[in-house]
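>>> quick one, what's the 3D model for this:
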Amino acid sequence: MPPLSDLQRHFAAALADPGIVPPAGTPRRFAVHRNNVRAGIQGVLAARFPVVKRLVGDDFFLAMAEAYVAHQPPTSPILMLYGAGMADFIASFEPAADVPYLADVARLEWLQHEATNAADAVPIGAAELARVPPGAVAGLRLHLHPSLRLFASHYPALTIWELNTAPGEVAARRLAANPEHALLLRPGLEVEIRRIPAAFHTFSARLLAGSSLAAAFDAAATDFADFDLQPSLAGLIAMGAVTGYDLPADDGQH
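Numbering: from 1, shown residues only. Sure, this is the predicted structure:
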């Protein structure tokens with residue numbers, strides 16, 4: 001008889017994939033249980049990606065979700081973590097090729113989900129940063145709010161998301177095929193999704209990666225000659241995105 005762990009893995013795999021024969025001795029109602037489990041997982045995906053579902057319709061989304069579950073079944077009983085790979089899956093899902101922005105909309109919805117469930121943190125204000133010695137400002141490494149996420153798309157995916165989260169029917173309209181960038185943040189109970197310039201996205205991404213203030217500025221200014229550090233930093237502070245900082249070298253931490 002195979003070890004219990006092997007039976008459990010076999011059982012879990014058969015639940016996710018109807019092509020796998022269930023373990024010997026499995027109850028006759030296994031197929032019903034499998035269908036219920038798969039329907040439950042698909043319901044989780046529908047709740048997590050409501051705009052994607054609205055864009056393609058119920059039937060298409062159900063088929064796509066079923067394909068995703070078969071391709072990438074849950075590996076944890078905590079379904080809050082499930083769906084991280086949905087955007088990449090959609091990008092490679094041939095039937096969705098005619099909707100090239102769909103994967104980016106899914107990516108935005110997943111970032112919103114991550115931001116919703118991120119840890120809380122208390123932001124600092126401009127007065128606290130004003131106490132930093134002038135010579136240390138360039139080397140500062142900012143601590144950004146745990147919920148902060150950055151989004152970029154070659155398509156007007158943010159506009160599409162905005163139109164499809166508004167109440168009522170979406171009127172047909174032609175959208176400019178321009179790249180869009182957004183910053184997601186949960187300063188209180190709700191996630192805020194803010195449209196941002198490309199330069200601000202570059203600056204924030206470098207800060208999020210741990211770069212110093214000077215290095216983040218240099219990265220943004222290299223690609224965008226008109227990038228202005230002061231209003232960008234002030235904007236991050238005003239929205240509650242900065243929760244602390246590290247001084248350069250051994251000057252201490254905050």
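
>>> who touches the strand or helix carrying I160?
Taking DSSP states H and E as the criterion, I160 maps to helix 157-165. Here helix 157-165 makes contact (Cβ atoms under 8 Å, 6 or more residues apart in numbering) with 51, 54-55, 101, 104-105, 107-109, 151, 170, 175, 180-182, 193, 195. The way it works is simple: take the backbone N, C-alpha and C, and place the C-beta from them, glycine included.

>>> go again using 6 Å as the cut-off
Helix 157-165 is contacted from outside by V51, R54, Y101, D104, V105, L108, V170, L175, E180, A182, using Cβ atoms under 6 Å, 6 or more residues apart in numbering.

>>> now those in JSON lines, with pLDDT and secondary structure?
Formatted as JSON lines, the contacts of helix 157-165 follow (pLDDT from 0 to 100; DSSP: H, G, I helix; E, B strand; the rest coil):
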{"residue": "V51", "pLDDT": "97", "secondary structure": "helix"}
{"residue": "R54", "pLDDT": "95", "secondary structure": "helix"}
{"residue": "Y101", "pLDDT": "96", "secondary structure": "coil"}
{"residue": "D104", "pLDDT": "98", "secondary structure": "helix"}
{"residue": "V105", "pLDDT": "98", "secondary structure": "helix"}
{"residue": "L108", "pLDDT": "98", "secondary structure": "helix"}
{"residue": "V170", "pLDDT": "70", "secondary structure": "coil"}
{"residue": "L175", "pLDDT": "76", "secondary structure": "coil"}
{"residue": "E180", "pLDDT": "97", "secondary structure": "strand"}
{"residue": "A182", "pLDDT": "98", "secondary structure": "strand"}
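
>>> now the buried members of those.
When the contacts of helix 157-165 are checked for burial by 16 or more other Cβ atoms under 10 Å, the buried set is V51, Y101, D104, V105, L108, E180, A182.

>>> what number of residues lie near L208?
Residues near L208, counting by other Cβ atoms under 10 Å, number 15.

>>> list the contacts of it.
Shown in contact with L208 (Cβ under 6 Å, 6+ apart): L144.

>>> that one and G240, how far apart?
Look at L208 and G240: by Cβ to Cβ, to the nearest Å, they are 15 Å apart.

>>> A strand includes A67, no?
No: using DSSP: H, G, I helix; E, B strand; the rest coil, the secondary structure at A67 is helix, not a strand.

>>> centroid residue for the protein?
Note on the chain: the residue nearest the mean C-alpha position is L111, at 1.7 Å, using Cα atoms, centre = their mean.

>>> next one: the closest residue to V170 other than its chain neighbours relative to M80, how far apart?
Of all residues not flanking V170 in the chain, L163 sits nearest, at 5.1 Å (Cβ to Cβ, 6 or more residues apart in numbering). Look at L163 and M80: by Cβ to Cβ, they are 27 Å apart.

>>> great, nothing more from me.
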